[in-house]
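*Asks:* missing the sequence, but the structure's below:
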């Protein structure tokens, strides 16, 4: 009787061993991202500002303020990876002073549309550019603007009359200046 | 005598728990996802590409199973995961013995969800099968680190036919 019992036990044991029961195992995957902040303009070519009026013998330079000329719309692209407690801003400045103080270069912000991912930044507009950096965009916590030619933060430049400028500083021909966008954390 | 039988059965059950389904890793760390993993590398405005190789692997095994017993390994993400994307698990078809794994019932590529999904179907003991992990449908992250908990469960009977 005892032998039969032992045999039964062994049989049951072999049955259990042959069948996997519901069993689990787990794996945790930890993912770490780089501290990535990328920014740039959609169109890397030089931006032109044509004057609203041409120079003439009768009208002199023909400049009629307060806005002498406007650029086409530009688009600012960015990709920001989020980090706890970190928010970025974008500053803008001129690399060097303009050739004349009879006019100023002003950055205007267009109407924002939602980025492909992330939050919309806060914007300042009507920024008179100088070699001193000024805050343009704030609260860029995380997101990606998109890479199409009209994705991102729209902006344009205005050449405006400087009410306190000196007419005598005007020179003929075209002038060029470089504008610097800086990511600030 | 009945008590002895009960103890013996319980010991056996615990023994099976320790032996049948195993993985070679409990924690895997992927680091450095950045500008190279964007849709257009190093391009401002780009979002993360939809599928990023995490360069992580582990081996799973199903052991102490009789040759004729069919089984199915299910996979899912645990609710304790805090990632904003998902994980794709890929079974290496060349690193798994053909005799054990049923290719007609195995998902060699599986996008994990929070529900159990059939993943690997087999018969008999599986010594090892290599799984690679990818970040699936990720976007620009809100935080610098995140984790995904993957639960594998083995059940008797084959996975459903594909």
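*Replies:* On my side now, so go ahead. On a predicted model such as this, the values are computed, not experimentally measured, just so you know.
*Asks:* and stretch A:29-45, how far out from the chain middle?
*Replies:* Centre-to-centre, stretch A:29-45 and its host chain are 10 Å apart (CA atoms, centre = their mean, to the nearest Å).
*Asks:* and for stretch A:26-46?
*Replies:* With CA atoms, centre = their mean, you get 12 Å for stretch A:26-46.
*Asks:* could you find the closest non-adjacent residue to residue B:41?
*Replies:* Of all residues not flanking residue B:41 in the chain, residue B:35 sits nearest, at 6.0 Å (CB to CB, 6 or more residues apart in numbering or on different chains). Bear in mind the C-beta positions are built from the backbone N, C-alpha and C, glycine included.
*Asks:* give me the phi and psi for that neighbour.
*Replies:* phi -60, psi -30 (degrees, to the nearest 10).
*Asks:* quick check: it vs residue A:47, distance?
*Replies:* Distance, residue B:35 to residue A:47, by CB to CB, to the nearest Å: 26 Å.
*Asks:* same deal with residue A:182?
*Replies:* 18 Å.
*Asks:* and if you look at residue B:149?
*Replies:* 50 Å.
*Asks:* residue B:75 too?
*Replies:* Separation of residue B:75 from residue A:47 (CB to CB): 53 Å.
*Asks:* which residue ranges of chain B form strands?
*Replies:* Here chain B has its strands, by DSSP state E, at B:21-23, B:27-33, B:51-62, B:70-77, B:86-91, B:109-111, B:117-123, B:126-136, B:145-156.
*Asks:* I'd like to know how far the spatially most central residue of chain A sits from residue A:183.
*Replies:* Centre of chain A computed as the mean C-alpha position; nearest residue by CA atoms, centre = their mean is residue A:78, 3.1 Å away. Here residue A:78 is placed at a distance of 8 Å from residue A:183 (CB to CB).
*Asks:* common neighbours of the two, please.
*Replies:* A:37, A:39, A:90 (CB atoms under 8 Å, 6 or more residues apart in numbering or on different chains).
*Asks:* in helices, which of those appear?
*Replies:* Using DSSP state H, no member of those falls in helices.
*Asks:* circling back: what sits against the residue nearest to the centre of chain A?
*Replies:* A:37-40, A:90, A:140, A:143-145, A:152-153, B:44-45.
*Asks:* rerun that using 10 Å as the cut-off
*Replies:* A:37-40, A:88, A:90, A:115, A:118, A:121, A:137, A:140, A:143-146, A:151-153, A:181, A:183, B:44-46 (CB atoms under 10 Å, 6 or more residues apart in numbering or on different chains).
*Asks:* same check, this time on residue A:120
*Replies:* Contacts of residue A:120 (CB under 10 Å, 6+ apart): A:112-114, A:137, A:139-140, A:143, A:145, A:153.
*Asks:* can you narrow those residues to ones near chain B?
*Replies:* Filtering the contacts of residue A:120 for proximity to chain B by CB under 10 Å from any CB of the partner chain leaves A:143, A:145.
*Asks:* I'm done for today, thanks for sticking with me.
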